[in-house]
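>>> quick one: sequence plus predicted model below, questions after.
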Amino acid sequence: MKYLYLFVCFLFTVPSFSQDHLKTINKVTEDTAEVSFSIIEKVPVYSGCDENMGNQALKQCMGSQIATFVGKNFNTKLVKSLNLPAGKHRISVQFKVDKEGNIVGVRARAPHPVLEKEAIRVVRLIPKMDKPGIQKGKPVIVPYGFPISFTVEAPKPLSKKELRKLKKKNKS
């Protein structure tokens, strides 16, 4: 009987704590108002994209504009200087567009810390969005992520002439 009483008490306390926890989560969610890029009602408007486009077209426009911007501003000479192994490599980049359209919370994961720093540097240069993301008529924070992919070519084999020059140089 004593155990039954403890069990019943436990059952009534768990839901009461759980509801308080849910209220806290809902309040935090309302205050931060972060909505995924994939489900947002109105995507942030990147400079150069027509805000009157449909949401899907705005998503594509934003993606292509960011890809173009990163392609122009990323220092590709860094990749050559790092002696990465031959093959395909990828830098994963994430950031958020805040309620005013600013780029914030930039993060990157890359095969080398120098590449992470370069990706973060370039993404921080992205201009402020013309308009922030909108959900239920209110500006919201919108997380966005994309990969930067590149291929490191295998070194080409030395020609016979280059090998002879190298051997002569090493003998001296």
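Yes, it's here.

>>> need the residues that contact stretch 87-107.
33-34, 44-45, 79, 108-111, 115-116, 119-120, 123-124, 126, 128-133, 139-152 (C-beta atoms under 8 Å, 6 or more residues apart in numbering). For the C-beta atoms, the positions are set from N, CA and C on the backbone; glycine is no exception.

>>> which among the residues you listed end up buried?
Buried members of these, counted by 16 or more other C-beta atoms under 10 Å: 33-34, 44-45, 79, 108, 110, 115-116, 119-120, 123, 126, 129, 131-133, 139-144, 146, 148, 152.

>>> quick one, grab the pLDDT at residue 31.
Residue 31 is assigned 52 on the pLDDT scale.

>>> state the helix or strand in which the most centrally placed residue in the chain lies.
Central residue of the chain (C-alpha atoms, centre = their mean): residue 94, 1.4 Å from the mean position. Element membership for residue 94, per DSSP states H and E: strand 87-97.

>>> quick one: least confident helix or strand in the chain?
Using mean pLDDT, DSSP states H and E, the weakest-scoring helix or strand in the chain turns out to be helix 2-32, at a mean of 39.

>>> buried residues in the next helix or strand along the chain from that helix?
Downstream of helix 2-32, the next assigned helix or strand under DSSP H and E is helix 55-73. Across helix 55-73, burial judged by 16+ other C-beta under 10 Å covers 58, 59, 61, 62, 65, 66, 69, 70.
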